[in-house]
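Undergrad: fold the stuff below for me.
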Amino acid sequence: MITNTTKKTTISKTETHLRNILRQAIGLMFHKKPKTTVFYFKKEIPVLVHMHFVFFPLDLIFLDKNLKVTETKQNL
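TA: Alright, predicted model coming up:
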């Protein structure tokens, strides 16, 4: 479960966690419906996001190592 502790609200009750590079490369490609997906990286780095074969808009939330929101992108 992902929660906003400041506002005490639930963002997602279920999510998929992607920890290896192959699963991250595939990500949400070919999925028919959006789902909450968490990508883990070993260190904080700039990330390129592509939308190849993703047929719905995405909202992205970037977190730092302390799980604080550093940036958001909506309706990509």
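
Undergrad: quick check, residue 61 in contact with residue 72.
TA: Yes: if you go by C-beta atoms under 8 Å, residue 61 and residue 72 touch, sitting 5.3 Å apart. C-beta here means a position set from N, CA and C on the backbone, and glycine is covered the same way.

Undergrad: of the two, who's got more company?
TA: residue 61 (14 against 9; other C-beta atoms under 10 Å).

Undergrad: sticking with the more buried one, tell me its helix or strand.
TA: Assigned by DSSP states H and E, residue 61 falls within strand 60-63.

Undergrad: could you pull up the contacting residues of the spatially closest residue to residue 71 that is not a sequence neighbour?
TA: The spatially closest residue to residue 71, leaving aside those adjacent along the chain, is residue 62, at 4.3 Å (C-beta to C-beta, 6 or more residues apart in numbering). Residue 62 is in contact with 47, 69-72, counting by C-beta atoms under 8 Å, 6 or more residues apart in numbering.

Undergrad: list the contacts of the nearest residue to residue 74 once chain neighbours are set aside.
TA: The shortest distance from residue 74 to any non-neighbouring residue, by C-beta to C-beta, 6+ apart, is to residue 59 (4.9 Å). Residues near residue 59 by C-beta under 8 Å, 6+ apart: 72-76.

Undergrad: with residue 44 instead?
TA: Each residue near residue 44 by C-beta under 8 Å, 6+ apart is listed here: 64-65.
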